[in-house]
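J.: coords below, sequence missing:
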């Protein structure tokens, strides 16, 4: 059974999706918690298996890929597969580098699509129980994130985004006067 993530854990995941190499000090500051609390949340995500890996993405790895549709992965070497999707009909879609296509000659390929680039987005996280940093309402869709004075905030709608930005600008102006 899948346990529900706390709001702190979900905010931590959103931060790590932006930058998986953040220090615990920076994570704690962003989350508004102690370093120990942030570390416990991270350890919980790792030990439960919810957080699978920390990754680095290179620009060159995002170019010239192919989507290969096949009924069997038997003749496709695993070390060539960048991503694998198991489809509902029992077949597979795998992503490979274009130049590796010639290395899978014996595979039973149904279709090949050539892509010139591949992009990942931060908004792929399913969120539950995250609350808007402006109005406090639970965020039902993907949260809008904004950075004010080095801290990330999550809001539920463009109105809260605008109002939080205004509040952040007013606080910044007051700080600069003192």
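T.: All right, it came through fine. Remember, it's a predicted structure, so these values are computed and weren't measured experimentally.

J.: tally of neighbours for the residue nearest to residue 64 when sequence neighbours are not counted?
T.: In this structure, residue 64 finds its nearest non-sequential neighbour in residue 98, 4.3 Å apart by Cβ to Cβ, 6 or more residues apart in numbering. (C-beta placed from N, C-alpha, C; glycine too.) Residues within reach of residue 98, counting by other Cβ atoms under 10 Å, total 14.

J.: what do you get for residue 116?
T.: 9.

J.: equivalent analysis for residue 141, please.
T.: By other Cβ under 10 Å, 9 other residues sit near residue 141.

J.: residue boundaries of the helices in the protein?
T.: With helices called from DSSP state H, the chain shows them at 7-18, 24-31, 35-47, 158-177.

J.: separation between residue 89 and residue 55?
T.: Distance, residue 89 to residue 55, by Cβ to Cβ, to the nearest Å: 29 Å.

J.: between these two, which one's more packed in?
T.: Between residue 89 and residue 55, counting by other Cβ under 10 Å, residue 55 is the more crowded of the two (10 against 7).

J.: could you find the closest non-adjacent residue to that one?
T.: Excluding the flanking residues, the one nearest residue 55 by Cβ to Cβ, 6+ apart is residue 20, at 6.1 Å.

J.: could you report the separation of residue 77 from residue 147?
T.: From residue 77 to residue 147 the distance is 42 Å (Cβ to Cβ).

J.: what do you get for residue 29?
T.: In terms of Cβ to Cβ, residue 29 sits 12 Å off from residue 147.

J.: do residue 41 as well
T.: According to Cβ to Cβ, residue 41 and residue 147 sit 21 Å apart.

J.: ok, these two, which is more surrounded?
T.: Neighbours per residue, other Cβ under 10 Å: of residue 41 and residue 147, the larger number sits with residue 41, 22 against 11.

J.: got the contact list for that one?
T.: The contact partners of residue 41, by Cβ atoms under 8 Å, 6 or more residues apart in numbering, come to 6, 8, 9, 12, 31, 33.

J.: PyMOL command to pick out the buried ones of those residues?
T.: Burial among the contacts of residue 41 is assessed by 16 or more other Cβ atoms under 10 Å; the matching PyMOL selection reads:
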select buried, resi 8+9+12+31+33
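
J.: quickly list what residue 86 is bridged to.
T.: Per DSSP bridges, the residues bridged to residue 86 are residue 92.

J.: verify the contact between it and residue 73 for me.
T.: No: judged on Cβ atoms under 8 Å, residue 86 makes no contact with residue 73 at a distance of 9.5 Å.
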